[in-house]
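Asks: can't give you the sequence, but here's the structure:
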Ligand code: GAR
């Protein structure tokens, strides 16, 4: 049976290496989704160049100068305009309001650079996560893809994979090891999300 591909909207704030992993995956004909728009809250980030190179429509919605409602309304409108079925947060560094999440209930995925429920929540993003993991002397870390709910980083995990924390790790070396597996699991989590939808 053939199914219509899911339209993905990717929200970014930076380099977009996870966006790239999704772009690369979506070039395979058996991948169940295609990216129809990329939205960044920051101008000039490399993730926008990646979207451009892949000929994916992209836009900047700056969080500065807009209140939260206006900011989210603009994002919502763009996602609707591009007929998005699934929103993928890929290094998107703004916390979305409960109102926005309710509009997209069960349809937003996030990738987090730790083994949730550990090392999640407000303030736990980017290098802060890896610093906390090293300070806590954890022997392993990893990455998690989860469904976004109103509680920050608290939604059900779809997929996670661990990596060892080495004794001489710095936040940077650990971040690089985790990032490699982020690229591996984000496309797999999208596949799993699509599989669950079609088996409903
Ligand atoms: C990734 O490590 C992602 O997990 C993290 O930001 C990085 C973005 O990299 N996200 C968070 O910390 C969200 N809480 P990228 O722009 O190269 O995909």
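Replies: Sure, I can see it. This is a predicted model, so every value here is computed, not measured.
Asks: correct me, but residue 92 touches residue 9?
Replies: No. Between residue 92 and residue 9 there is no contact under Cβ atoms under 8 Å: 10.8 Å. All C-beta spots, glycine's among them, are computed from the backbone N, C-alpha and C.
Asks: Would you mind giving the secondary structure of residue 38?
Replies: At residue 38 the chain is in strand, as set by DSSP: H, G, I helix; E, B strand; the rest coil.
Asks: distance between the host helix or strand of residue 145 and the chain's centre?
Replies: Counting by DSSP states H and E, the element that carries residue 145 is strand 140-147. Offset of strand 140-147 from its chain centre (Cα atoms, centre = their mean, to the nearest Å): 11 Å.
Asks: Indicate each strand paired with the helix or strand just after it and its parallel or antiparallel sense.
Replies: Once strand 140-147 ends, the next helix or strand along the chain (criterion: DSSP H and E) is strand 157-164. Here the strand partners of strand 157-164, with direction, are listed using DSSP bridges: strand 140-147 (antiparallel).
Asks: average pLDDT for the longest helix along the chain?
Replies: Longest helix of the chain, by residue count under DSSP state H: helix 171-198. For helix 171-198, mean pLDDT rounds to 97.
Asks: what's it packed up against?
Replies: Packing contacts for helix 171-198, counted by 3 or more Cβ pairs under 8 Å, 6 or more residues apart in numbering; DSSP states H and E, involve strand 6-12, helix 17-26, strand 86-89, strand 108-112, helix 127-135, strand 140-147, strand 157-164.
Asks: Are that helix and the ligand in contact anywhere?
Replies: Yes. Residues of helix 171-198 contacting the ligand under Cβ under 6 Å from any ligand atom: 179, 182.
Asks: Now do that helix against helix 17-26: the angle between them, please.
Replies: Angle of helix 171-198 versus helix 17-26, following axes from the mean of the first three to the mean of the last three Cα atoms, to 10 degrees, is 40 degrees.
Asks: Now helix 171-198: buried residues?
Replies: Applying a neighbour-count criterion of 16 or more other Cβ atoms under 10 Å, one finds 171, 174-175, 177-179, 181-183, 185-187, 189-194 buried in helix 171-198.
Asks: Need the helices and strands packed on helix 171-198 in a markdown table (columns: distance to the ligand and mean neighbour count).
Replies: Output for these, formatted as a markdown table (distance: least, Cβ to the nearest ligand atom, whole Å; neighbours: other Cβ atoms under 10 Å):
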| stretch | distance to the ligand | mean neighbour count |
| --- | --- | --- |
| strand 6-12 | 6 | 25 |
| helix 17-26 | 3 | 21 |
| strand 86-89 | 7 | 24 |
| strand 108-112 | 5 | 24 |
| helix 127-135 | 6 | 18 |
| strand 140-147 | 6 | 23 |
| strand 157-164 | 12 | 16 |
